[in-house]
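A.B. asks: build me a model from this:
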Amino acid sequence: MPALLPPDLGAFPSLRGLIAFEATVRLGSMTAAANEMHMTQPAVSQRIRALEDSLGCPLFDRRGGRLSLNARGQAFHEELTPGLARLCGAIGDLRCRMRKASPVVSIAAGAGFTHMWLRPRLERLEQAFPDRSFRLLPIDRDEAPEMQKADIALRFGPHQQDDLTDTLVVPEKVFPVCSPEYARQHNLGAELDTDALQRITLLHLDMRDPRWLNWASWCRLSQLPPPPLERAFPYHNFPLLLNAVTHHQGVALGWSHVTRDMLASGQLVALGPHVTRKSHGYRLSVRNPDSAMIAPVVDWLAREFAG
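C.D. replies: Below you'll find the model as predicted:
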């Protein structure tokens, strides 16, 4: 049996440091990561410093009081996240089996939807079905094996009416979002117009995926001239993007269900125009639709989508 680690790899980084790094990137700050991990911010910072020392290179740029991934950090995060998710899932599954736990239902969706919509509902889902456990899988690639094997999968993209393999459960509705403070500072009205697009900071995902609207395609569907994208600031994942929006750094495009909780809490305000593509959205597919363990969970999710 071959060794799991090559002999020249050196000291393997601490798993705690890797988890602290992933949480900091996903949530946009060490403070938010500390809150999620029930730790202090200095403790998270210490774990990340130890990780960087172990790897032999910095992962963040720490200039002007702002924390942002450098090129090495971004590449490392993109490679790390799927493997870390599998590792944590494997640990959780083994613990459940050792405790003779209830059956595990796996739910896979894109990282943004998982962290912004599914994860906040996980506690209520567990309360509704105390006889089973749930495993959330943040996966952005539809062709990933974990997405194919999940009991319930939520994929984003176009939907064909005659496709019987999945159901369109969340039609796409997209609109600009910003913090209330940013809207006041820049005197933004209910809808963005050509003048506003010229003077605000646009934030966007640095993701070249034709399934998703970007500022250029949103402007085209809104019948507005394309904005000056050379001034747009890119982010590499949606939770990090929304974290920047809540910190008054600019305006981003928001998808209705993903931003719904933040709009309801007042962290974000929605601006117009609203763009709806009824042919696009989140499609739900079930590996065993007739399963007595899975079908009630699908019904629960459907009620949440409709709420």
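
A.B. asks: can you get me a residue count around residue 90?
C.D. replies: Using other C-beta atoms under 10 Å, residue 90 has 10 other residues around it. C-beta here means a position set from N, CA and C on the backbone, and glycine is covered the same way.

A.B. asks: and it, how far from residue 179?
C.D. replies: 39 Å (C-beta to C-beta, to the nearest Å).

A.B. asks: can you check residue 255 too?
C.D. replies: As defined by C-beta to C-beta, residue 255 lies at a distance of 17 Å from residue 179.

A.B. asks: same thing with residue 57?
C.D. replies: From residue 57 over to residue 179 the distance is 34 Å, taken as C-beta to C-beta.

A.B. asks: which of these two has more neighbours?
C.D. replies: Set side by side, residue 57 and residue 179 show unequal neighbour counts under other C-beta under 10 Å, the larger going to residue 179 at 21 against 11.

A.B. asks: could I get the average pLDDT for stretch 127-139?
C.D. replies: The predicted model assigns stretch 127-139 a mean pLDDT of 91.

A.B. asks: end to end on that stretch, go ahead and measure it.
C.D. replies: With C-alpha to C-alpha, to the nearest Å applied, stretch 127-139 spans 25 Å between its terminal residues.

A.B. asks: what residues does it touch?
C.D. replies: The contact list for stretch 127-139 (C-beta atoms under 8 Å, 6 or more residues apart in numbering) reads 81-82, 85, 89, 92-93, 96, 101-111, 114-115, 118-119, 122, 125-126, 146-147, 150, 293, 296-297, 300.

A.B. asks: distance from that stretch to the middle of the chain?
C.D. replies: Relative to its parent chain, stretch 127-139 has a centroid offset of 18 Å by C-alpha atoms, centre = their mean, to the nearest Å.

A.B. asks: just the buried residues of it, please?
C.D. replies: With burial defined by 16 or more other C-beta atoms under 10 Å, the residues of stretch 127-139 counted as buried are 129, 132-139.

A.B. asks: of these, which pair is most distant in space?
C.D. replies: Taking C-beta to C-beta as the measure, the buried residues of stretch 127-139 reach their widest spread between 129 and 139, a distance of 22.1 Å.

A.B. asks: hmm, residue 43 is touching residue 34, no?
C.D. replies: Yes - counting by C-beta atoms under 8 Å, residue 43 sits close enough to residue 34 to count as a contact (6.9 Å).

A.B. asks: more crowded one of those two?
C.D. replies: Of the pair residue 43 and residue 34, residue 34 is the one with more neighbours under other C-beta under 10 Å, namely 20 against 14.

A.B. asks: so which helix or strand takes in the more buried one?
C.D. replies: Using DSSP states H and E, residue 34 sits in helix 30-37.

A.B. asks: quick one: mean pLDDT for that helix?
C.D. replies: Helix 30-37 carries an average pLDDT of 86.

A.B. asks: contacts for that helix, please.
C.D. replies: So helix 30-37 is in contact with 19-20, 23-24, 26-27, 40-41, 43-45, 48, 67, 243, going by C-beta under 8 Å, 6+ apart.

A.B. asks: make a PyMOL selection of the buried ones in the residues you listed.
C.D. replies: One line in PyMOL is enough to select the buried members of those, burial here meaning 16+ other C-beta under 10 Å:
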select buried, resi 19+20+23+24+26+27+44+45+48+67+243
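
A.B. asks: number of residues surrounding residue 53?
C.D. replies: If you count neighbours by other C-beta under 10 Å, residue 53 ends up with 13.
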